[in-house]
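*Asks:* could you work out the structure for the sequence below:
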Amino acid sequence: MKEFLFSSGLYILGGILILAICIKLFTSKPPTGLQTTLFLLFGVVLIALPFASKISIDVKGIKLEIETATQQVAELQQQIIELKNENAELVSQIAMLNNQLGVLSDPHSTQSQRNTAVSNLSSGINEFNLRLARVSTKLDSAETKSADVMENLKNIKVSKRIIK
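*Replies:* Numbers count the residues shown, from 1 in each chain. The predicted structure follows:
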């Protein structure tokens, strides 16, 4: 911000200096109303130039931040879809584990059926734990991405306030 104010001050001083030189060089007598208007208009353009370039740079920055946030939101939406699919698989896995527990608790099951149920429960629990670990990793990634999106949105709001 200090650099911007410094460069703006230089533009303003330069504009005043150029106006003074133009008035001195082009007129030996006091300037007419039209000349004064033209010199003032030229001075206003010189004074407004740094502010216009600063706003242009800020708008480009905001556009870039919006594009980044939009891309991150799309990635978050993809992660949400993946998490929903993983959730459906976990629910299916839980149903299968419940069926195996039902076989174990059924008094009419044979020893062979119970042995198979125990084997299925063991492998099913291992698979369930692996899927749960994947979901946990994806949730952590989504949480980080969400924090990044929130930071970008905060930056966009701050940039909009600075421009105003």
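*Asks:* the chain: helices as residue ranges?
*Replies:* Taking DSSP state H, the helices of the chain run over residues 2-26, 33-105, 111-163.
*Asks:* by mean pLDDT, show me the worst of those.
*Replies:* Lowest mean pLDDT within the helices of the chain: helix 2-26, a mean of 64.
*Asks:* distance of H108 relative to G102?
*Replies:* Noted for H108: a distance of 11 Å to G102, by CB to CB, to the nearest Å. Using the backbone N, CA and C atoms, a C-beta is placed for each residue, glycine as well.
*Asks:* quick one: buried residues of stretch 65-84?
*Replies:* 65, 69, 72, 76, 79, 83 (16 or more other CB atoms under 10 Å).
*Asks:* quick check, nearest of those residues to S141?
*Replies:* S141 lies nearest to Q79 out of the buried residues of stretch 65-84, by CB to CB, at 6.5 Å.
*Asks:* for the closest residue to the closest one other than its chain neighbours, give its distance to A20.
*Replies:* Spatial nearest neighbour of Q79, chain neighbours left out: A142 (4.6 Å); criterion: CB to CB, 6 or more residues apart in numbering. Shown here: A142 relative to A20, a distance of 62 Å by CB to CB.
*Asks:* spit out the contact partners of L139.
*Replies:* If you count contacts by CB atoms under 8 Å, 6 or more residues apart in numbering, L139 has them with L83.
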